[in-house]
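Visitor: Below are the sequence and a predicted model for it; my questions follow.
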Amino acid sequence: MRGLLYTFLSWFPVYLVEARGVQLKDVAWIGALPWVVGVIGYVLGGVVTDRIALRTGNPAAARKGMIVFGLTGTALLIAGIGLVSSLVTAVALMSAVVFLLYLTGSQYFTLISDTIPAARLGGVVGFVHFIANLSGIFAPFLVGVIVDQTKSWPLTFGVSAGICLLGVAALLIWGSPEAFRLSLIRTFRHAGLADNRAFTLKTMCWASATSNDGALSTRPT
């Protein structure tokens, strides 16, 4: 998500001017429209996910479902931005893309807090921020290379769509409680925490409970 947002911030104004012939003076208000829609999506994503979580009793599944829905919709819409013929349609599609991206915006770190032991939460959140900001650095650079070498905006938006689908695939493959449990135990063993038998046992019991229930009521400290 972070990489796409930074790409949008960096290159959408350039796309409007170069590919759509928008006057520079008009870029400000045209470029602001998707962000207005994005604010609505951010709030709505949290409200809808909370209601689904309350109704199903499974917050983790509700958040994962919202992420899969948002990123899949983003991939489908963003792939079409470079193919449409009118400015209005392009701006409408980008607004829908930002809306769907922001639907997922409130899910990522709440999902982490649900699935990571409290003793490791700070480090995991910091690492996720680090990776996300790295993508925010390299994604605009990659887009610049693609545009400079190919002059193809459809290819640029297609690559962005592919990144979204990779995120969906990763969540579907490794986002299940069982896969997470095995990955968590493997990680602790590689980090040398297997020697701490009390901590390892507590973590394995916690992870097993997560696998069975799909949500956490308490986390090990």
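Guide: It's in.

Visitor: use CA for all of it now, contacts and neighbours both
Guide: Fine.

Visitor: need the contact list for the nearest residue to residue 105 once chain neighbours are set aside.
Guide: In this structure, residue 105 finds its nearest non-sequential neighbour in residue 42, 6.1 Å apart by C-alpha to C-alpha, 6 or more residues apart in numbering. Taking C-alpha atoms under 8 Å, 6 or more residues apart in numbering, we find residue 42 in contact with 99, 102, 103, 104, 105, 106.

Visitor: same deal with residue 19?
Guide: Residue 19 neighbours (C-alpha under 8 Å, 6+ apart): residue 153.

Visitor: Give me the pLDDT for it.
Guide: Listed pLDDT for residue 19 reads 81.

Visitor: As CSV, could you dump the C-alpha coordinates of whichever strand or helix holds it?
Guide: Here residue 19 is covered by helix 2-20, with elements defined by DSSP states H and E. Extracted C-alpha coordinates of helix 2-20, given in CSV (Å, rounded to 0.1, in the frame of the first residue of the first chain):
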residue,chain,number,x,y,z
ARG,A,2,2.7,2.5,1.0
GLY,A,3,4.6,2.0,-2.3
LEU,A,4,1.4,2.7,-4.3
LEU,A,5,0.6,5.8,-2.4
TYR,A,6,4.0,7.2,-2.8
THR,A,7,3.9,6.4,-6.5
PHE,A,8,0.6,8.2,-6.7
LEU,A,9,1.9,11.2,-4.9
SER,A,10,5.0,11.4,-7.1
TRP,A,11,3.7,10.5,-10.5
PHE,A,12,0.0,11.1,-10.8
PRO,A,13,0.4,14.9,-11.4
VAL,A,14,3.0,14.1,-14.1
TYR,A,15,0.6,11.6,-15.6
LEU,A,16,-2.2,14.2,-15.7
VAL,A,17,0.1,16.7,-17.4
GLU,A,18,1.9,14.5,-19.9
ALA,A,19,-0.7,11.9,-20.7
ARG,A,20,-3.9,13.8,-20.3
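
Visitor: Pull out the buried residues from it.
Guide: Within helix 2-20, the residues that count as buried by 16 or more other C-alpha atoms under 10 Å are 2-8, 10-16.

Visitor: and if you look at stretch 69-86?
Guide: 69-82.

Visitor: Adding pLDDT, write the buried residues of helix 2-20 out as JSON lines.
Guide: Below are these laid out as JSON lines (pLDDT from 0 to 100):
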{"residue": "2", "pLDDT": "69"}
{"residue": "3", "pLDDT": "73"}
{"residue": "4", "pLDDT": "77"}
{"residue": "5", "pLDDT": "75"}
{"residue": "6", "pLDDT": "77"}
{"residue": "7", "pLDDT": "79"}
{"residue": "8", "pLDDT": "76"}
{"residue": "10", "pLDDT": "78"}
{"residue": "11", "pLDDT": "80"}
{"residue": "12", "pLDDT": "79"}
{"residue": "13", "pLDDT": "81"}
{"residue": "14", "pLDDT": "84"}
{"residue": "15", "pLDDT": "82"}
{"residue": "16", "pLDDT": "81"}
